[in-house]
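Peer 1: whatever this is, show me its structure:
(chains A and B)
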Amino acid sequence: MFGEQQRFVLLLIAPAALLMLLFQVVPIVIGANASFRDWALYNPKKTWIGFDHYAAVITDPAFLYVVLPNTFLFMVLSVAGALVTGLALALLLNRPFRGQKLVQTILLVPLMVAPVVAAIMIRWIFNDQFGIANVVLEAIGLEGQPWLVQRWSAFCIILLTDIWLWTPWFTLLLLAGLQSLPKEPFEAAAIDGTTTWRVFRYLTLPMLRPVIVVCVVIRAIDAFRTFDIVWTLTGGGPGRSTELFSLYAYVLAFLNLDLGRGSAAAIVGGLIILVLGVVMYRLVDRIAKA
Amino acid sequence: MPMVTRPAFLPGLPNWSRKTFFALALAAICFAFAFPVLWLILTSLRPESGVYYVHRGTEFTLGNFKEVLGQERIVEAFINSAVISTLATVFSLLVTVSSGYMLSRFTGPAARMWFGTIYVFRCVPYISWVLPLYFVVQSWGIYDTYVGLLLPHIAVHICFFSWLMKGFFDGIDPSMEYAAMIDGCSRWGAFIRVAIPSALPAISALAVLCWLFTWNEFLFALILTGNRVPVITVVMAQFVTEMGLHWNLMAATAVMALLPAFLIALFGQKYVIRGLRI
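Peer 2: Numbering: from 1, shown residues only, chains lettered A, B, ... in the order given. Predicted coordinates:
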């Protein structure tokens, strides 16, 4: 029925496609179905209620004024922070110096640390009674802070943990990108005595742009769905003030035991990131071709 | 041919001060990156009485590790995590290497559609499909089993790794495969005997990444497992709330969770850096 080539192509992707169908497509369909039904425990009939859950989610002040702004702020700041630090470190590692291998290994350390472990470490460092952060602050005569029970300090700590975790990822990919750039333009610039800043601004940055954009897109999509470090660091608290979108959906489904509402929230978030993803993909395409 | 030198770092300063500044900056950066881990290790070596004043006192002990290893649930969690990570790596690679190869070597509607699908599913937040997956897995009777955690793990890697594999295969000249096929190799022969061996560095890089991702993963394990298959990340997250005061034990568990990842990454770093150079 198929030619030899078609059969080969289909067989190559068949296992992947089957797994994706069973473990991604099927759940998404079931989740979509659940989001239109009253899934509460006391209602065994799971009545069809149309868009009620969606209406409830997008009019929920907690979602509109806390969770969404938190998520976007987190996404932008985390990606920007990790990109700038990662790029700086990649540039640093790209020039030869003694001990370069050692420095590189140390800088890649966060890449191996599980987000949960990172969150535990940071929680201990910023512990309000015995954490080293407060000990140091008090030693230099400042007041210790209950870091994780104030909204903005907790948010900043989550953000810093995320940047710490993901900077090496940027460093790794950007370093790989830097090392594959052609040598000639840099040699020409060196002969002309161009300053470091101008070399960076007019040579390195434009040539590295495709790699940077791909990294940013991948990372932005991932940052949008951050869950583990928030869960372990603050659990969304104090109150619900540091909840990000994934946590919001999780809490609705598994703590409030309302799978319908939780699925609706997850789908709303999924749609937002899908639109963002498509826009960003267009952007990548245009920049990569330019 | 004139000597080509790199533009100077901080021009205008005498050489020695530039060097000192550079070294100090490097040391500061390394310290900032390593500090949380170092602090964790230090905490894990302190006795119960010293843990609240880690920065003071000179008593050190390995007792925390002994106590943690005496807890059945933690040991079980370590074994489970290791088994699941290893199996997930093997199966993910089997699935994604071929899918990435297809994306790289074929053009046309099928390849474009598959690429589109992968990109779209890569964007879907985990929570959107792991949430209902809980019910799927329960109705298939694989909730809280190895299979029930393993298969979703393999599925989640498909998108990203197929994408990376496509990049790797794009960088490999296909003319060798054509030559092999002219010499009488089948398409499968060309794929398995020619393409895969030349992509081996990239595949090892993926293996390292895949193992680490699975070992470190939290959300799936939190939702898809209960008491029968404890996994190390979930067990630790429970600890934070349950044993909130025993930071020495907490730190010892965390250090042990770091150890295998460190070893794998230390030996695999070479492959990852070489493999990611697309």
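
Peer 1: does A:Gly177 touch A:Leu208 like I think?
Peer 2: Yes - between A:Gly177 and A:Leu208 there is a contact under Cβ atoms under 8 Å: 5.5 Å. To be clear about C-beta, it is placed using only N, CA and C from the backbone, and glycine gets the same treatment.

Peer 1: below-threshold pLDDT in the stretch 101-250 of chain A: ranges please.
Peer 2: The stretch 101-250 of chain A contains no residues with pLDDT under 70.

Peer 1: could you say which helix or strand holds B:Ser128?
Peer 2: helix B:126-139 (DSSP states H and E).

Peer 1: which parts of that helix are buried?
Peer 2: Within helix B:126-139, the residues that count as buried by 16 or more other Cβ atoms under 10 Å in any protein chain shown are B:126-137.

Peer 1: packing partners of it?
Peer 2: Counting contacts by 3 or more Cβ pairs under 8 Å, 6 or more residues apart in numbering or on different chains; DSSP states H and E, helix B:126-139 is packed against helix A:26-35, helix A:245-250, helix A:259-289, helix B:146-170, helix B:219-224.

Peer 1: contacts only, for A:Leu205.
Peer 2: Residues counted as contacts of A:Leu205 (Cβ atoms under 8 Å, 6 or more residues apart in numbering or on different chains): none.

Peer 1: circling back to that earlier point, what does the helix holding B:Ser128 contact?
Peer 2: When contacts are defined by Cβ under 8 Å, 6+ apart, helix B:126-139 is touched by residues A:23-24, A:26-28, A:30-31, A:34, A:225, A:227, A:245-246, A:249-250, A:253, A:259, A:262-263, A:266-267, A:269-270, B:143, B:148, B:152, B:156, B:219-220, B:223-224.

Peer 1: can you give me how far that helix is from the chain middle?
Peer 2: 23 Å (Cα atoms, centre = their mean, to the nearest Å).

Peer 1: now that helix: mean pLDDT?
Peer 2: Average pLDDT, helix B:126-139: 85.

Peer 1: how about the CA coordinates for that helix, as CSV?
Peer 2: Extracted C-alpha coordinates of helix B:126-139, given in CSV (Å, rounded to 0.1, in the frame of the first residue of the first chain):
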residue,chain,number,x,y,z
TYR,B,126,3.2,20.0,31.4
ILE,B,127,0.4,20.8,33.8
SER,B,128,-2.1,20.8,30.9
TRP,B,129,-1.6,17.2,30.1
VAL,B,130,-0.2,15.8,33.3
LEU,B,131,-3.3,16.9,35.2
PRO,B,132,-5.7,14.7,33.2
LEU,B,133,-3.0,12.1,32.7
TYR,B,134,-3.5,11.3,36.3
PHE,B,135,-7.0,10.0,35.4
VAL,B,136,-5.8,8.2,32.3
VAL,B,137,-3.1,6.4,34.1
GLN,B,138,-5.5,5.4,36.9
SER,B,139,-8.1,4.1,34.5
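
Peer 1: all strands for the stretch 151-290 of chain A, in order.
Peer 2: Along the stretch 151-290 of chain A, counting by DSSP state E, counting those that start in this stretch, no stretch forms strands.

Peer 1: and the residue nearest the centre of chain B, what element?
Peer 2: Nearest to the geometric centre of chain B sits B:Leu212, at 2.4 Å (Cα atoms, centre = their mean). Using DSSP H and E, the element containing B:Leu212 is helix B:200-216.

Peer 1: can I get stretch B:96-115 in CSV? Just the C-alpha atoms.
Peer 2: What follows is stretch B:96-115, C-alpha atoms only, in CSV (Å, rounded to 0.1, in the frame of the first residue of the first chain):
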residue,chain,number,x,y,z
THR,B,96,13.9,10.1,19.4
VAL,B,97,17.0,9.2,17.4
SER,B,98,14.8,7.7,14.7
SER,B,99,12.3,10.6,14.8
GLY,B,100,15.1,13.2,14.6
TYR,B,101,16.6,11.3,11.7
MET,B,102,13.3,11.4,9.9
LEU,B,103,13.0,15.1,10.5
SER,B,104,16.5,15.8,9.2
ARG,B,105,16.6,13.5,6.1
PHE,B,106,13.1,13.9,4.7
THR,B,107,11.3,16.9,3.4
GLY,B,108,7.7,17.1,2.3
PRO,B,109,4.3,17.2,3.9
ALA,B,110,4.9,14.3,6.3
ALA,B,111,8.1,15.8,7.8
ARG,B,112,6.6,19.3,8.0
MET,B,113,3.5,18.0,9.7
TRP,B,114,5.6,16.0,12.2
PHE,B,115,7.8,19.0,12.9
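
Peer 1: buried stuff in it?
Peer 2: Neighbour count says stretch B:96-115 has B:96-106, B:111, B:114 buried, by 16+ other Cβ under 10 Å.

Peer 1: toward the C-terminus, what is the element adjacent to the longest helix along chain B?
Peer 2: With secondary structure taken from DSSP state H, chain B has its longest helix at helix B:72-105. Using DSSP H and E, the helix or strand that directly follows helix B:72-105 along the chain is helix B:109-123.

Peer 1: how far off centre is that next one?
Peer 2: 24 Å.

Peer 1: who does that helix touch, helix- and strand-wise?
Peer 2: So helix B:109-123, by 3+ Cβ pairs under 8 Å, 6+ apart, packs with helix A:4-20, helix A:259-289, helix B:72-105, helix B:146-170.

Peer 1: touching chain A at all, stretch B:27-34?
Peer 2: Yes - for stretch B:27-34 and chain A, the contact criterion (Cβ under 8 Å from any Cβ of the partner chain) is met by B:29-30, B:33-34.

Peer 1: outside of that stretch itself, list whatever touches it.
Peer 2: Contacts of stretch B:27-34 (Cβ under 8 Å, 6+ apart): A:89, A:92, A:103, A:106-107, A:109-110, A:164, A:167.

Peer 1: next, count neighbours for A:Gly262.
Peer 2: Using other Cβ atoms under 10 Å in any protein chain shown, A:Gly262 has 28 other residues around it.

Peer 1: ok, now which ones touch A:Asn33?
Peer 2: A:Asn33 neighbours (Cβ under 8 Å, 6+ apart): none.

Peer 1: again, but for A:Gly31
Peer 2: Residues counted as contacts of A:Gly31 (Cβ under 8 Å, 6+ apart) are A:263, A:266-267, B:128-129, B:131-132.

Peer 1: ok, back up a step: tell me the angle of the helix holding B:Ser128 relative to helix A:26-35?
Peer 2: Angle between the axes of helix B:126-139 and helix A:26-35 is 90 degrees (criterion: axes from the mean of the first three to the mean of the last three Cα atoms, to 10 degrees).

Peer 1: could you point out which element follows the strand or helix carrying A:Val57?
Peer 2: According to DSSP H and E, A:Val57 maps onto helix A:52-59. Using DSSP H and E, the next helix or strand after helix A:52-59 towards the C-terminus is helix A:61.

Peer 1: show me what whichever helix or strand comes after that next one is packed up against.
Peer 2: As assigned by DSSP H and E, the chain's next helix or strand after helix A:61 is helix A:68-94. With contacts defined as 3+ Cβ pairs under 8 Å, 6+ apart, helix A:68-94 has these neighbours: helix A:100-107, helix A:151-179, helix A:205-224, helix B:15-44.

Peer 1: pick the most buried one from those helices.
Peer 2: Of all the helices and strands packed on helix A:68-94, helix A:151-179 has the most neighbours on average by mean count of other Cβ atoms under 10 Å in any protein chain shown, namely a mean of 21.
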